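**Q** I would like the atomic coordinates for the input below:
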Amino acid sequence: MHDDIPLTTGRARRVLDERITPAVHATAVPLDTAWHELPGEPIAPAEGLTLTFEPYDVGTTWGAAWGTTWFRLRGTVPSAWAGRRVEAVIDLGFDPNMPGFQCEGLVYLADGTPVKSINPRNQWVLVAERAVGGETVEFFVEAASNPVLLDYHPFLVTHEGDVQTASSKKLYTSRRMDLAVFESEVHELALDIAVLLELQEELREGPRRMRILQALDDALDALDLQHIAATAPDARAALVDVLAAPAEASAHRISAVGHAHIDSAWLWPVRETIRKVARTTSTMTELIDQTDDFLYGMSSAQQYAWIKEHRPEVYARVKDAVAAGRFLPLGGMWVESDTVMPTGESLVRQFSQGQRFFEREFGIRPEGVWLPDSFGYSPALPQLMRRAGFAWFFTQKISWNQVNKFPHHTFLWEGIDGSRVFSHFPSMDTYNSRLSGSEVAKASRQFRENRLASGSIAPVGWGDGGGGTTREMTGTAARLADLEGSARVTWEHPDAFFDRAKAELPDPPVWVGELYLELHRATLTSQHQTKQGNRRSEHLLLEAELWAATAAARTGYEYPYDELDALWQQVLLQQFHDILPGTSIAWVHREAVAKYAEVADRLEALIASALSALVGPGDGSVVVNAAPSLRSGAPALGATRAEDVAPGTPVMLEDVDGGVVLTNELVQITIDGRGLVTSAVDLTTGRQAIASGQVANRLQLHQDFPNMWDAWDVDRYYRNRVEDLVQVDALTSSVDAAGVARIVVSRSFGSSTLTQELSLAPGSRTLEVDQRTDWHEIEKFLKVAFPLDVRAEHTVAETQFGAQKRVTHTNTSWEAAKFETSMHRYVLVEEPGFGVALVNDSIHGFDTTRDAVDGHVTTTVRLSLLRAPRFPDPETDQGLQTHRYGMVIGTDVVGATTAGIAMNTASRTVSGGSAFAPLVRASGDVVVSSVKLADDRSGDLVVRVYEPAGRRGSGGLSVDGPFGDPVEVTLLEETDPALPGVTAASSTDGSWSFPVDAFEVRTFRFPRS
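**A** Alright, predicted model coming up:
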C-alpha cells in the first residue's frame, strides 16, 4: 500500500498545535482586571491584597525589570457553565520557551490563601471542579516582571542583571485574563496525540510505528475541526488500542520524580528565589492534590526555611504533603552547593545543617545526596557522604562533558580515602525532563548498565528558575506507564530506585577519583571577591568556634550557638553552585560580597569576645594562634605572652646586578630588577627550585573569549595568545623591624595597574606575594607562572581533608581535558627528595605543563588570578582586587598543608592579663580541623581530625578541660557502632591514641563532665 509518513505526522502536528490545544479553553469570557505597580521591592501578600487598584486593559504593557505588579481579577461564572470544570487562564505575556526565566506570578484568593503559580507552561488556575452558575470569582496575582537575560541569542552583554542598572522600560504585554471552561476530553486528546507522535518518531519503521500512524489518521478523520470538543471522544476512541498495547517485558524502567531544580540564585537575586520557591511549591502541592500517584522531590533545606519564614501558608501545605509521603525532601544539604571549592568543614556543615533541619521539621533524614547541577565533584565527597550517613549519590552534570563520555550510569564512586558510595547518573542526561519521546528513548537506548540493571531516574519538571512538573507531564507519565515501544514510567521515590539498583548490581563498576566536569573550568576564578569572601569566612567561622569552645570550657563563657548557626547558614547559602562559582548576575555578587563583610564583622566580634574572656583583663600582649601547628612562638590552638616569643634572625638583603638576593636560615632567593624570581635555592639540600633560564612570579595575560558560557568557561585556545607582563614602573626593597625582607614592585598594563609586595620572613621557606590589582581589562585572563625545576609525575592539590593527584602528562583525552584544575590552599609538585608548593589565600584554579629541554623535565604551574567575562555580569571583577600567595621551597605534603593553613589563618596579638593553654592537643599524623561544642547544645566537645598526606599512621588527642572519655561519632555528631573509636593510651595524662588510614576523617565527641 502507498504510505506517506510525513503527511500523517505533519497533519497531526498542525491539528494538535492550531486546533486541539487552543480548544482546551476555547469557551471563555474576559475577567474584569485591575492593577497596582509597586514602586520598589516586593511587599508581603497581606499588604498586597489591600492595595488600591486601578482599571487595567489586557494588552497593556506592564512590569519594568525586577518589578512587582499586583493584579486583581474578578468575574462571574456564566449560568450556562453550571456543572462544568471552570478555570482562569492568565497569560501575562509569556514565552512558552522561557519557563523560569521571565515573568511569573503567584495567585491568591481574597483571604490570602495561595492557590498556585502561573508561568509560561502553567497558565491556568482552578475555579471549580463543578461550577455554579452566577458564582463570583476573585483572584489576586503577585506578578514578577523578571527580565529575560539568557535569550534566544544567549550571552549578550546586558545591564539588566542588577536593579541598580536595569532600565525602567516595561517588558511584558498581557494577552489573556479569562474565565474558561476546561474541556477535559480535548485536553486528554492532546496528550494522546502528543505522546503517540513523539513515540513513533523514536521507532523503526515496522508494524508498531505503522499502526500508530494509522490510528492517528483515524483519530483525525473522526475529529470535526469546527467542533473539537464535541468530537474529541470519537477521536480518542480511535487511539484506544494503540495506547493500550503493553510495553515489552524487557522495557527500560524509568523512576520519575517531580522536580524543579530551583537555583538558589543565578539570573535572579536571592530575594526572587524566595518567591520562586513559594510559587513552585504552591503549584506542586496543588498538583499533588489533583493526582493519585505523583511524587515531587525538592532538595535544599534553605529553600524550605525560606517558605517557612516568608510564606508560612505555603509551608503548611508542604508539611502536609511531606507527611503524606508525596512531597519528598531530598539531598540532606543546606543548599545544592559547589563541592569543589568549599572546605571540608563547609561540606560537613552543609550536611549537618541540612539534616538537622529536615529531621526537626519533618522527622525525616534524606538517605542520599542530590546534586544534579554542580560543576564537578570533589573526590573527598564519598568519605564525607558515608560518614554523614548517606547511602547514595545522584547527579547528571558529568553528561555535559565536552570531550569524554562517562562510561557508567550506575556505579560505585571511590574517593581519596577509599570510601565508596553507590551513585547514579540519569541516562536521559537531564534534570529537567518533560518525558518527551526523545528523552524516554534516550534513557533506554544509552543506559550503560542495560545488561544487568533495569532502569534509571528521571527528574521531571521545568527547572533552574522553577516551575516544576505540569499536568501535561503527569498525563504523559500515565500513558507511558505501560506502552508498547516505550520505556515504562512510574512515579517513585529515589530511595526505592536505589534499593532496587543495588540489588540488581551487587558488583557494580567503580570510578576512582574526582568527577571532573570537562566544562565550566573558569568557575574556579570568576568573581574573585566572592571566592575570597567565602575562604575568609570559612576560616573565621572555625576560629570563632575554637575560641568560643575554649572559653566555654575554661571560663563559663556562653557559647553562641544561635549566632554561629546563622552565620554558617549564610556562608553555606553563598556556596550555592551559581554563587560561589561566580556565574550569577551582578546583583547576586554585589549582595554576596556585602554579606561576607557582614559575616566577617560579626565573627571578629565573636572572636574578640571569646578571647577577652580567655586572656582576662590586663595590658599585656598575648599572641594567639588558631592554626593547628606551632606558629609565631604560640602553641597550636593556644596562646603565649608576646615577651616569650623569641625574635628570628633578620633576613639578609643584598643588592646584586640590579636585583636583590634574600637569604635566611633555610632558603636563598634572587629577584631581578623586574621583580621576577630567577633563583630559589633550598639551603638544606642545595636544590634549585626555578627551572634553568626561566623566571617565576611571571604574570601572564591571555585573551579570554569562550565559545559560550562566558563566566563559566575557558576554552583551550585561550593559551594561543599570551602577553608576559614584565615591565616595571617601580621597584623598592627593605627589611622591616621584624627582620622581614620586602620587595615592592609596581606595574602597568592595558587599563590596569598592579602592585606586588614580595616578602621573606626569618625562618620561613615561603616567599610570599601580596598583590593588589586595579583591574579594568575586558575578556582577559590573568595568571602567574612558576616554572619549577622539578620532574613531577603528578601535581598534588589540596582538596577537602586531603589532596588529590593529577598526572602532568596528556597521554589520553581524559588528561588533556583537564587543562584547568582545582586546588584549595596549596598545589605541590615533587620528585623523590624535593618538592615545591604554591600556597594561597583565595585562589582555586591552576594549570600545569610538563616541559623538557634535552631530556631534562621541568614542571610549570600557573595560578589563575582574575578574569573579565561580560555575561552574566558585565562588570565581573572590575576594580580593586587582592591576592596573597607564596612559593614554599623544599617541602612535602605535610609542609604544604602547614604552610597553606598558616596563610589562611591569621595570627593575632590581643591585650590581656595572661596567655592560655590549648583546650585540645593533637599528635602523630593528624591535623585538627575543628574544635567546637556539639550541635545538640549538650555542652559536649566535638573535635575533628584528618590525615593530610595520604598514608597510614596514628594520631593522638588530649583535652585540657572538663570533659570525659571520647567516643567516635559521625559527621552529624552521633554514635555509630561501625566506627572504630579510640584506644586509651594513658589513664593519667588524659590522652587517647587511634590509627588513621590515608586521608581518613575522624570525629570525636568528649562528653561534658
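
**Q** how far away is S250 from V926?
**A** Look at S250 and V926: by C-beta to C-beta, to the nearest Å, they are 52 Å apart. No exception for glycine: its C-beta is placed from N, CA and C like everyone else's.

**Q** pick out whichever of these two has more residues nearby.
**A** A count of neighbours by other C-beta atoms under 10 Å puts V926 above the other of S250 and V926, at 23 against 9.

**Q** what sits against that one?
**A** With contact set as C-beta atoms under 8 Å, 6 or more residues apart in numbering, V926 has these partners: V945, Y946, E947, P948, G953, G955, G956, V996, R1002.

**Q** and what of G835?
**A** By C-beta under 8 Å, 6+ apart, the contact list for G835 reads V790, L828, V829, G890, T891, D892, G895, A896.

**Q** determine the three-state secondary structure at it.
**A** Three-state assignment for G835 (DSSP: H, G, I helix; E, B strand; the rest coil): strand.

**Q** just list whatever residues bridge to it.
**A** E830 (DSSP bridges).

**Q** mind checking which helix or strand I193 is in?
**A** helix 184-201 (DSSP states H and E).

**Q** report the mean confidence score over that helix.
**A** What helix 184-201 shows for mean pLDDT is 98.

**Q** ok, and for that helix, which residues are buried?
**A** For helix 184-201, burial by neighbour count (16 or more other C-beta atoms under 10 Å) applies to 185-200.

**Q** Y315 is in contact with K308, correct?
**A** Yes - in this structure, K308 is within contact of Y315 by C-beta atoms under 8 Å, at 4.5 Å.

**Q** nearest residue to P628 other than its sequence neighbours?
**A** Computed as C-beta to C-beta, 6 or more residues apart in numbering, the closest residue to P628 that is not its neighbour in sequence is V928, at 4.1 Å.

**Q** list the beta-bridge partners for the one you found.
**A** Going by DSSP bridges, V928 forms beta bridges with V945.

**Q** name the nearest residue to R311, ignoring sequence neighbours.
**A** A278 (4.1 Å).

**Q** tally of neighbours for that neighbour?
**A** By the criterion of other C-beta under 10 Å, A278 has 25 neighbours.

**Q** got it, and G468?
**A** Neighbourhood size, G468 [other C-beta under 10 Å]: 30.

**Q** mind checking the SS state of the residue lying closest to it once chain neighbours are set aside?
**A** What sits nearest to G468 in space, not counting adjacent residues and going by C-beta to C-beta, 6+ apart, is A260, at 3.8 Å. Here A260 takes the coil state, with states given by three-state DSSP.

**Q** so which bits of the lengthiest helix in the chain are buried?
**A** With secondary structure taken from DSSP state H, the chain has its longest helix at helix 586-615. By 16+ other C-beta under 10 Å, the buried positions in helix 586-615 come out as 586-593, 595-596, 599, 602-603, 606-607, 609-615.

**Q** following that helix, which helix or strand comes up?
**A** strand 620-625.

**Q** first vs last residue of stretch 709-729, how far apart are they?
**A** End-to-end distance for stretch 709-729: 36 Å, by C-alpha to C-alpha, to the nearest Å.

**Q** mind listing what's buried in it?
**A** So stretch 709-729, judged by 16+ other C-beta under 10 Å, has buried residues W709, D710, A711, W712, D713, V714, D715, Y718, R719, L725.

**Q** how far does stretch 72-88 sit from its chain's centre?
**A** Taking the mean of its C-alpha atoms, stretch 72-88 sits 45 Å from the chain's own mean (C-alpha atoms, centre = their mean, to the nearest Å).

**Q** only the C-alpha atoms, please, for it, written as CSV.
**A** Extracted in CSV, the C-alpha atoms of stretch 72-88 (Å, rounded to 0.1, in the frame of the first residue of the first chain):
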residue,chain,number,x,y,z
ARG,A,72,-6.9,41.9,40.8
LEU,A,73,-9.1,39.6,38.6
ARG,A,74,-12.9,39.5,39.1
GLY,A,75,-15.7,37.7,37.2
THR,A,76,-18.9,35.7,37.3
VAL,A,77,-19.4,32.2,36.1
PRO,A,78,-22.0,32.2,33.3
SER,A,79,-25.1,30.2,34.2
ALA,A,80,-24.6,28.0,31.1
TRP,A,81,-21.4,26.7,32.6
ALA,A,82,-23.0,25.2,35.6
GLY,A,83,-21.6,21.8,36.5
ARG,A,84,-18.6,22.2,34.2
ARG,A,85,-14.9,22.5,35.3
VAL,A,86,-14.0,26.2,35.1
GLU,A,87,-10.5,27.6,35.2
ALA,A,88,-9.0,31.1,35.0
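
**Q** which residues sit against that stretch?
**A** 25, 27, 29-35, 53, 90, 107, 124-141, 177-182, 184.

**Q** can you rerun that using 7 Å?
**A** The set of residues external to stretch 72-88 that reach it, using C-beta atoms under 7 Å, 6 or more residues apart in numbering, is 25, 29, 31-34, 53, 124-141, 177-182, 184.

**Q** what does stretch 863-878 give?
**A** Stretch 863-878 has contacts (C-beta under 7 Å, 6+ apart) with 149, 155-159, 161, 267, 522, 524-528, 584-586, 589, 704, 710-711, 773, 775-784, 838, 840, 843, 845-846, 881, 883, 885.

**Q** got the buried residues for stretch 686-706?
**A** 687-691, 694-702, 704-706.

**Q** now for the residue positioned nearest the centre of the chain: which residues touch it?
**A** Per C-alpha atoms, centre = their mean, the C-alpha nearest to the average position across the chain is that of H577, at 2.1 Å. Residues near H577 by C-beta under 7 Å, 6+ apart: E336, S337, D338, D373, S374, F375.
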